[in-house]
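Student: Give me a 3D structure for the following:
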Amino acid sequence: MAVFSKIGIIGGGISGLAAAKQLSNHDPVVFEATDSLGGVWKHSSFKSTKLQTPRCDYEFSDYPWPERDNSSFPTSKEVLEYLYDYAREFELLRLVRFNSKVVEIRFVGDRKATDLGDYGTLLPGKPVWEVAVRTDQLDTVEWYAFEFLVVCTGKYGDVPKIPEFPHNKGPEIFKGQVLHTLDYCKLDEEASTQLFRGKKVVVVGYKKSAIDLALECAQANQGPEGQTCTMVVRTLHWTVPHYWVWGLPFYLFYSTRSSQFLHERPNLGLWRTALSNLLSPARKAVSKIIESYLVWKLPLDKYGLKPDHPFEEDYASCQMAILPENFFTEADKGNIAFKRASKWWFCEKGVEFEDKTKLKADVVVLATGYDGKKKLKDIIPEPFRSLIEPPSGMMHLYRGTINPLIPNMAFVGYIESVSNLHTAELRCKWLARLVDDEFKLPTVERMLQQTNKEMEIMKRTTRFYKRSCISTFSINHSDEICEEMGWTSWRKRNWLAEAFSPYNSQDYEEEK
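Tutor: This next block holds a predicted model:
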């Protein structure tokens with residue numbers, strides 16, 4: 001007999017905490033597979049990992065950071081402390097069941113996934129989903145039943161994405177050590193230092209995790225016995241040393257209402273679409289200004305690290321990485337090297353490339369990302385599983401939350417923005433009001449039309465559109481969420497601030 005509750009939440013990271021807080025009046029049950037809150041901040045962070053945005057841009061609207069105007073970027077440890085303080089402040093820990101991993105979900109409702117009419121109420125008064133949960137302590141499976149389920153397992157962590165290799169050219173023939181960044185995150189400081197010290201290390205990847213990892217490797221290899229850490233770079237992305245460009249704050253270029261006015265966004269209408277097309281040279285000019293600064297500021301040409309695509313495409317796909325201090329200083333000292341390669345595989349003594357060159361290695365670390373969709377497909381039942389990864393590669397999520405074809409289920413944390421905490425919280429506020437029937441959803445057909453518009457914009461904006469990022473029209477996205485809740489969409493005190501200051505969580509405090 002399943003234990004019955006109104007609302008279940010899967011995951012205790014940023015999105016799970018936001019959902020638990022906003023839905024707390026329904027006493028939801030939060031299942032966290034590990035012994036800690038925090039998600040990636042606990043389980044997928046290195047000792048050098050820091051927040052990518054200023055702390056005032058990464059906070060809950062009703063719980064500002066201590067010293068929120070501090071210009072330094074908080075470490076992963078500080079972010080985790082902030083999240084626990086938030087959970088204690090709003091008594092969320094009582095809702096969380098730690099070491100409780102969801103291993104299966106069953107649909108027990110009676111609504112067809114192909115209905116294109118009304119979506120229906122989120123709390124129908126009877127179970128729609130049954131959830132199997134395995135607990136670490138007892139190693140038993142217990143079933144729960146819910147009217148509504150919020151999935152917050154996230155796109156990162158848990159399931160490593162491992163490259164495919166030709167026959168007999170995989171890790172099994174390499175005589176050294178191979179690990180994924182997920183394995184590296186589990187090492188303590190002493191073990192991680194010993195892993196690299198005096199070793200020839202190859203780091204595969206060139207995103208934020210790979211960059212942080214290469215710097216940690218270089219720092220472990222100081223002195224005459226040190227060895228070079230080589231980064232194998234398949235796809236280049238733009239990196240940023242700080243949040244200033246030619247003496248101007250970065251937010252002026254992309255994160256204000258006036259700057260986002262230059263970009264295409266959904267539901268513009270005929271004349272606004274024409275205006276957006278006319279402004280395309282201005283968008284390109286902004287991207288060129290930032291690119292010129294980065295090429296001037298960083299030795300990208302020297303190391304062959306200048307991307308061929310515009311900066312805007314990385315921003316539009318949420319792939320802009322902030323460089324850690326001293327990264328290129330270590331490269332200049334010879335402690336970090338770079339190898340461009342679209343194809344590579346293992347050999348006995350290291351790795352080999354398609355140009356027939358080889359690179360000796362003692363340790364190879366795969367900073368190749370995570371397979372968040374596999375986590376979902378492992379637990380979501382058919383016929384809904386196929387909707388998790390449609391042919392487009394992007395999941396239909398109305399307001400970044402509701403898949404119109406999956407009844408009584410929400411997803412938080414699968415559409416990205418510049419500040420994922422801010423967007424997760426606002427969506428959870430919207431979701432809580434939807435659960436309480438303060439407004440109604442459009443028909444399934446209209447929701448699909450809206451999500452299609454957003455996905456088409458992503459496709460036209462960046463070649464990396466499958467990451468599902470709304471950064472270039474995030475303010476418009478929030479405007480539409482506010483309007484649906486009956487809130488004022490323009491949140492600033494005057495028109496000057498509305499036009500030229502960035503939006504953050506504090507702008508979306510509860511309306512009295």
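Student: okay, now the domains of this structure?
Tutor: Taking automatic domain parsing as the criterion, the chain consists of the domains 3-157+371-469, 171-241+298-366.
Student: residue nearest the centroid of this structure?
Tutor: E416 (5.4 Å; C-alpha atoms, centre = their mean).
Student: Distance to Q260 and mean pLDDT added to the domains of the chain, as TSV?
Tutor: To be clear about C-beta, it is placed using only N, CA and C from the backbone, and glycine gets the same treatment. What follows is the domains of the chain, written out as TSV (distance: least, C-beta to C-beta, whole Å; pLDDT from 0 to 100):
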stretch	distance to Q260	mean pLDDT
domain 3-157+371-469	11	91
domain 171-241+298-366	11	94
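Student: Just give the number of residues close to the residue nearest to D308 when sequence neighbours are not counted.
Tutor: Distances taken as C-beta to C-beta, 6 or more residues apart in numbering put L236 closest to D308, at 7.4 Å, once the chain neighbours are dropped. Burial measure for L236: 17 neighbouring residues, criterion other C-beta atoms under 10 Å.
Student: in which helix or strand would I find L236?
Tutor: For L236, there is no enclosing helix or strand under DSSP states H and E.
Student: Strands of the stretch 151-300 of the chain, residue ranges please.
Tutor: Assigned strands in the stretch 151-300 of the chain, in chain order: 177-180, 201-204, 229-233, 239-240, 244-245, 248-249 (criterion: DSSP state E, counting those that start in this stretch).
Student: Out of those strands, which is closest to A499?
Tutor: Evaluated with C-beta to C-beta, those place strand 248-249 nearest to A499, the distance being 14.5 Å.
Student: quick one: strands adjacent to the closest one?
Tutor: Next to strand 248-249 in the sheet, as set by DSSP bridges, lie strand 244-245 (antiparallel).
Student: Other residues contacting the partner strand?
Tutor: Defining contact as C-beta atoms under 8 Å, 6 or more residues apart in numbering, one finds that strand 244-245 is touched by F250, F253, I289, I290, Y293.
Student: Please work out how many residues are found near the first one.
Tutor: Neighbours of F250 under the rule other C-beta under 10 Å: 17.
Student: Ok, the third one next?
Tutor: Residue neighbour count, defined by other C-beta under 10 Å, stands at 15 for I289.
Student: do the second one as well
Tutor: The burial count assigned to F253 is 18, neighbours taken as other C-beta under 10 Å.
Student: again, but for the last one
Tutor: The burial metric for Y293, expressed as a neighbour count using other C-beta under 10 Å, is 19.
Student: Kindly report the same for P442.
Tutor: P442 - counted by other C-beta under 10 Å - has 15 other residues nearby.
Student: One more: D301?
Tutor: The burial count for D301: 9, using other C-beta under 10 Å.
Student: What of A285?
Tutor: If we define neighbours as other C-beta under 10 Å, then A285 has 11 of them.
Student: show me what contacts it?
Tutor: A285 neighbours (C-beta under 8 Å, 6+ apart): none.
Student: if I look at it, how far off is E291?
Tutor: 11 Å (C-beta to C-beta, to the nearest Å).
Student: and the gap between the residue lying closest to D118 once chain neighbours are set aside and K459?
Tutor: Excluding the flanking residues, the one nearest D118 by C-beta to C-beta, 6+ apart is T443, at 6.1 Å. Using C-beta to C-beta, T443 is found at 24 Å from K459.
Student: related to what we said a few turns ago, pick the most buried one from the strands of the stretch 151-300 of the chain.
Tutor: The highest mean neighbour count among these, using mean count of other C-beta atoms under 10 Å, belongs to strand 201-204: a mean of 26.
Student: What helices and strands are in contact with that strand?
Tutor: Contacts defined by 3 or more C-beta pairs under 8 Å, 6 or more residues apart in numbering; DSSP states H and E place strand 201-204 against helix 208-220, strand 229-233, strand 363-366.
Student: Kindly recompute the last result at 10 Å.
Tutor: Packed against strand 201-204 by the contact rule (3 or more C-beta pairs under 10 Å, 6 or more residues apart in numbering; DSSP states H and E) you find strand 177-180, helix 181-184, helix 208-220, strand 229-233, strand 336-340, strand 350-353, strand 363-366.
Student: which residues make contact with the last one from outside it?
Tutor: Defining contact as C-beta atoms under 10 Å, 6 or more residues apart in numbering, one finds that strand 363-366 is touched by 160-163, 171, 174, 176-184, 195-196, 199-205, 209-210, 213-214, 217, 227, 229-230, 232, 344, 346, 350-351.
Student: which of these count as buried?
Tutor: 160, 171, 174, 176, 178-182, 184, 195-196, 199-205, 209-210, 213-214, 217, 227, 229-230, 232, 344, 346, 350-351 (16 or more other C-beta atoms under 10 Å).
Student: now the helices for the stretch 251-400 of the chain?
Tutor: For the stretch 251-400 of the chain, the helices defined by DSSP state H, counting those that start in this stretch occupy 251-254, 257-260, 270-278, 280-297, 311-316, 327-332, 372-379.
Student: for the stretch 51-200 of the chain, same thing?
Tutor: Using DSSP H, counting those that start in this stretch, helices in the stretch 51-200 of the chain cover 76-89, 181-184, 189-196.
Student: Give the residue farthest from the middle of the protein.
Tutor: Distance-from-mean max, the chain, by C-alpha atoms, centre = their mean: P224 at 39.1 Å.
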